[in-house]
Structures are given as structure tokens and as C-alpha cells.
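Asks: need a structure here:
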Amino acid sequence: MSEGKNKAAALWAKVCNYVKTCYSGEYETALQWFQGMVPLNLTEGELTLGVNDEFFATWITDNYGELIRESLRACGRADDLALKFEYGYLPDDAKKSDDDIEVENEASEAGRNDFIDGVDPDQPGKNSVPDDEQCKNLKEQLAFVNGQTFNNFVVGEENRYAFTAASTAAKKPGTFNPVYIYGGSGMGKTHLLKAVTYDVLTSTPKAIVRYTTCEEFLNEFVDSLRSHTNNEFRARFRNVDYLLVDDVHHLAGKTQLQEEFFNTFNALHSANKQIILTSDKQPSEIQGLEERLVSRFLSGITTQITQPTFETRLAILKQEQMSQKLKLSDDVLNFIAKSIVSNIRPLKGALLRLSMIATALGRPIDLETAQSELADLLDKEAETRTVTIEAIQKVVTDYFGLHVSDITGPKRPKNIAEARMIAMYLARKMTTHTHQEIGLAFGGRNHATVVHAVQHVEDMSLKNEDLKAQLKQFQRQLRSV
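Replies: Predicted coordinates for the structure are as follows:
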């Protein structure tokens with residue numbers, strides 16, 4: 001962790017502690033949001049905090065800006081310290097609060113081995129008390145886990161095999177070696193690595209579990225070359241019981257790094273130490289990855305995590321809001337789960353936003369409010385999906401109470417003509433088809449007809465807010481199909 005990040009974490013912990021101590025009960029909700037923000041960097045004139053999105057940053061500033069300023073002053077910071085927000089961070093990214101660490105310290109000092117939240121000291125296999133240095137390392141690693149365990153990993157058909165492989169590796173290391181998990185961003189791969197870390201360290205506190213991203217591995221390798229500390233670098237990654245590496249596709253094209261990783265892999269594998277790797281691609285699909293590494297990565301078990309199903313997304317939302325005082329209604333949760341399908345991060349982000357609004361209002365929010373408040377997120381989500389002309393025709397005709405044959409046939413009544421033009425417009429905006437191809441899909445109409453329809457709908461949407469809103473609704477609906 002960089003010096004700036006360390007300083008930011010220390011200062012933000014003081015801020016949270018000040019609010020908790022001086023405003024007990026009064027700002028309980030504020031403290032909850034503060035502890036979910038991620039301290040990223042502190043310079044002489046600026047504190048950088050990670051938050052979910054621009055909406056969150058604005059809401060925090062408007063509602064708790066003065067409280068933050070007062071708390072910073074109380075912690076010895078001048079009024080001219082600027083606050084900067086970076087987007088894309090969820091509460092899961094935040095470190096544990098000072099209170100959590102204090103509880104752990106007290107338990108450790110009392111000579112107990114159950115200072116890890118959620119560990120049953122009466123369970124067999126958990127009575128090996130580590131020394132002070134191991135306790136320190138253990139706490140650091142469990143702060144990284146931040147509550148992401150196998151118990152709260154929502155299992156569905158799309159991730160069942162990855163879950164089984166990871167949990168088996170945690171309980172019976174070497175059964176599958178390596179474990180290679182691949183899938184898109186935000187699918188739960190890092191959650192599984194954190195769960196392995198937690199499972200191993202709570203059952204065997206003296207085990208050495210080394211988690212790293214491929215980028216961090218690269219940075220440490222380069223640093224070791226510059227400082228001539230190659231032996232220390234190798235010891236750090238080879239004298240371990242578990243090596244967990246996120247995003248190994250970043251090895252691609254880096255010859256010297258691949259050589260080092262190949263040797264590290266071989267050293268661990270021959271010693272029967274567990275290796276778990278994640279990537280966004282199968283090994284054979286990573287361009288620029290040496291064949292010998294592809295072969296090594298495929299020598300164990302390879303499993304994919306795909307996009308979560310509706311049922312899984314809904315289960316995730318219900319689990320996430322269990323700790324919240326104000327619950328969202330089932331119809332709002334269903335709406336979120338149906339509308340956001342790309343990955344888990346925006347799904348949680350949407351829930352966080354609506355929960356924050358419900359807290360501010362002091363009551364649950366209805367479906368209409370949810371649709372309005374998530375409009376920008378839904379627009380971004382819509383951009384990630386592929387749409388067909390056939391789907392457009394079906395959605396538009398269903399809305400207007402028509403049949404697809406009505407808008408692809410020769411009929412020209414006003415209601416049919418309007419529906420046809422809207423469908424053509426959407427086909428042009430939401431697919432890669434040419435005007436000619438779109439015309440063919442609408443009963444063999446010519447290029448000029450499609451051009452006219454697209455221009456007409458564009459012109460009308462500038463004058464008619466209802467039409468503009470309906471076009472956006474069509475796009476969201478089509479992207480959620």
C-alpha cells in the first residue's frame with residue numbers, strides 16, 4: 001500500500017471514529033455511508049475517496065459535507081483540504097473500520113484465537129494460535145477479505161462449478177491444481193479468491209496465503225530488478241501454501257515476466273502448493289501467452305463463470321439488503337434484477353443508490369421512483385447488449401397492440417405506419433444493419449423509406465417529450481430481453 005493511501009486510510013478512520021464518538025446515534029446512517037467509502041490517497045492539499053458513482057458523491061457532499069469538514073478539522077486538518085471523489089468503488093472495496101480492528105486486537109490480546117469475526121473457537125482445527133507477527137499478517141489479509149466468504153457467495157448454475165472448485169481447493173489443497181477460473185468482469189472471481197483466503201486462514205491461521213493481481217506481481221518483479229532483490233521477491237511468492245493470482249491474462253506479451261511466473265508456478269506445483277488463477281479468457285484464448293504457460297494453466301481444472309441468471313441476481317440483491325434497515329419492495333428488487341444483467345457490480349451499485357435514497361426519504365421507495373432514479377444506470381446497461389431486428393419488431397408491435405406482420409406488410413394506416421417508423425428507427429440506432437438490410441426486414445422496403453423513417457422519428461422526438469421517453473423505454477426493454 002502506498003504512503004498516500006496509508007495516510008488517507010488513517011485519516012478517514014479518524015473521521016469515522018470522531019463521528020461515532022461525538023454523534024452517537026445522531027449520525028448513525030452517515031457513519032454507515034462513510035465506512036463504505038474507500039480512502040484512496042492523501043496529499044498535502046487533497047483527500048481522495050472512492051465511491052460508487054457521481055450520484056453518490058453529490059449526495060454525500062450535499063447531505064454530509066459540513067459534517068465531513070467538521071470531522072476533518074477535529075482531526076487536525078486545515079479547512080483548505082480539498083475532497084476529491086473517484087468512481088467505481090463499492091462498500092465491499094472498503095477496508096474494515098477501526099472498530100472492527102479494535103475488537104480483533106482485544107480478542108488477540110486476551111489470548112483467544114477467535115478474533116476473526118464469524119469464527120467458532122470451539123471448532124476443531126482452529127486452536128493453533130499464531131505469534132504476533134503472524135497475527136499482524138493475518139489481520140491484514142482478513143481486512144482484504146472484507147466479509148466476502150463462501151457463506152455469502154450466491155451460487156447459481158452459472159458459477160456452481162467455479163464455487164465447487166474453489167471451495168475444494170480451500171479444504172483439500174492439491175486436489176485440483178491449478179484451479180483456473182475465467183469469466184467477464186464483475187462475475188465473482190475475486191470474491192472466490194477472498195473466500196479461499198478466509199476459509200484457509202480461519203481453519204489454519206499459520207498457513208501462508210499470498211493473493212496478488214497480475215499487475216501487482218509485475219510491479220513487484222520490476223522493483224526487484226531495480227533494487228537487486230530478486231531472491232526476496234522469489235521467496236515472497238514461492239514460500240507460500242497458496243498462491244492466488246487475479247487477471248493472469250495481463251501476462252500476455254511480457255516475455256520476462258512470463259519466464260518468472262513459469263518458474264514460480266513450477267516451484268509451487270512441484271511442492272504440491274495450491275495455485276488458483278483467474279482471467280477474463282480461457283488460457284488458449286490469451287494472445288501472447290507462451291504455449292508452455294497455456295499447458296500449465298490447463299493441467300488442473302478450468303471452469304467458467306458466466307453472466308448471473310435472473311434468479312441469481314435477485315438472490316444477490318436480497319442477500320445484500322439483509323443488513324439494511326429500510327428494505328426495498330419485491331417489485332423494486334425484481335425490476336433491478338431484470339434490468340441489470342451485465343455483471344454484479346452495477347447490480348449492487350443500483351441497490352446501494354436506491355437504499356441511500358430510501359434512507360434520505362425515511363421510507364421505502366416505489367417502482368416509479370426506482371425507474372426514475374436508475375435511469376442513467378439503465379442507459380449504460382442498455383449499451384452493453386446485442387439487439388436483433390426481430391426483437392425490435394416484436395417489442396414495438398406488442399406495445400401498439402399490433403402483429404409483426406402488420407409492420408412488415410403493405411398496410412399503411414397511420415397507427416401502423418408510425419409503429420413501423422419507430423421500429424425502423426430503433427433498428428438503425430440499436431443494430432449494425434444498413435438501411436438496405438433494415439428495409440428488407442420490413443417487407444422489402446427501399447433504402448430511402450428507412451432513411452425517411454429514421455429522420456422523421458428523430459425530428460419528432462426533439463419536439464415530443466413523451467415520444468422521446470418512450471423511445472428510451474423501448475431501448476431499455478430491448479436490452480433486458
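Asks: and Phe85, helix, strand or coil?
Replies: strand (DSSP: H, G, I helix; E, B strand; the rest coil).
Asks: correction: Ala170
Replies: Ala170 - assigned by three-state DSSP - is helix.
Asks: could you find the closest non-adjacent residue to it?
Replies: Asp199 (4.0 Å; Cβ to Cβ, 6 or more residues apart in numbering). C-beta here means a position set from N, CA and C on the backbone, and glycine is covered the same way.
Asks: with Thr309 instead?
Replies: Gly156 (5.6 Å).
Asks: Thr312 too?
Replies: Distances taken as Cβ to Cβ, 6+ apart put Gly156 closest to Thr312, at 3.4 Å, once the chain neighbours are dropped.
Asks: which ones are touching the one you found?
Replies: Under the criterion of Cβ atoms under 8 Å, 6 or more residues apart in numbering, the contact list for Gly156 reads Pro308, Thr309, Glu311, Thr312, Ala315.
Asks: swap in His452?
Replies: For His452, the set of contacting residues under the criterion of Cβ under 8 Å, 6+ apart is empty.
Asks: tell me where the stretch 201-350 of the chain has helices.
Replies: Listed in chain order, the helices found in the stretch 201-350 of the chain under DSSP state H, counting those that start in this stretch are 214-227, 230-238, 255-270, 291-297, 310-320, 330-339, 344-361.
Asks: Leu378 and Ile340 touch, don't they?
Replies: Yes. Counting by Cβ atoms under 8 Å, Ile340 is a contact partner of Leu378 at 7.5 Å.
Asks: which of those two has more neighbours?
Replies: Using other Cβ atoms under 10 Å as the criterion, Leu378 and Ile340 rank with Ile340 on top: 26 against 22.
Asks: by contact count, what packs against the host helix or strand of Ile422?
Replies: Under the criterion DSSP states H and E, the helix or strand holding Ile422 is helix 414-430. Packed against helix 414-430 by the contact rule (3 or more Cβ pairs under 8 Å, 6 or more residues apart in numbering; DSSP states H and E) you find helix 389-400, helix 404-408, helix 435-441, helix 447-463, helix 465-479.
Asks: residues in contact with the spatially most central residue of the chain?
Replies: Centroid check for the chain by Cα atoms, centre = their mean gives Arg345 as the closest residue, at 3.3 Å. With Cβ under 8 Å, 6+ apart as the criterion, the residues that contact Arg345 are Leu90, Ser185, Gly186.
Asks: make a PyMOL selection of whichever of these turn out to be buried.
Replies: Only the buried members of the contacts of Arg345 end up in this PyMOL selection, burial being decided by 16 or more other Cβ atoms under 10 Å:
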select buried, resi 90+186
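Asks: return the member of the contacts of Arg345 nearest to Lys20.
Replies: Leu90 (21.7 Å; Cβ to Cβ).
Asks: neighbour-wise, which of the contacts of Gly156 leads?
Replies: Neighbours were tallied for each of these (criterion: other Cβ under 10 Å), and the maximum of 26 neighbours falls on Pro308.
Asks: hang on, it packs against Ile316?
Replies: Yes. Pro308 lies in contact with Ile316 (Cβ under 8 Å); the separation is 7.0 Å.
Asks: quickly list what's touching both of these two.
Replies: Residues touching both Pro308 and Ile316 by Cβ under 8 Å, 6+ apart: Val154, Ile344, Leu347.
Asks: out of those, which comes closest to Gly4?
Replies: The shortest approach to Gly4 among those belongs to Ile344, at 29.1 Å (Cβ to Cβ).
Asks: wait, isn't the closest one in contact with Pro308?
Replies: Yes. Under the contact definition of Cβ under 8 Å, Ile344 touches Pro308, with a separation of 6.5 Å.
Asks: low-confidence bits of the stretch 301-450 of the chain, can you list those?
Replies: For the stretch 301-450 of the chain, the stretches with pLDDT under 70 are 323-325, 382-385.
Asks: picking up where we left off before, which residues does the helix holding Ile422 contact?
Replies: Contacting residues not belonging to helix 414-430 are listed as 387, 389, 392-393, 396-397, 399-400, 402, 406-407, 433, 435, 438, 441-442, 449-450, 453-454, 456-458, 471, 474-475, 478 [Cβ under 8 Å, 6+ apart].
Asks: now do it and helix 447-463, the angle between them.
Replies: Relative orientation of helix 414-430 with respect to helix 447-463: 90 degrees, computed using axes from the mean of the first three to the mean of the last three Cα atoms, to 10 degrees.
Asks: distance from the chain centre to helix 414-430, please.
Replies: The gap between where helix 414-430 is centred and where its chain is centred comes out at 36 Å by Cα atoms, centre = their mean, to the nearest Å.
Asks: try stretch 397-417
Replies: On the basis of Cα atoms, centre = their mean, stretch 397-417 sits 42 Å off its chain's mean C-alpha point.
Asks: okay, how far is it across that stretch, tip to tip?
Replies: This stretch, stretch 397-417, spans 11 Å end to end (Cα to Cα, to the nearest Å).
Asks: who are the contact partners of the residue nearest to Cys214 when sequence neighbours are not counted?
Replies: With Cβ to Cβ, 6+ apart as the measure, His250 is the residue that lies nearest to Cys214, at 4.0 Å, once sequence neighbours are left out. Contacts were defined as Cβ under 8 Å, 6+ apart; by that measure His250 touches Thr213, Cys214, Glu215, Leu218.
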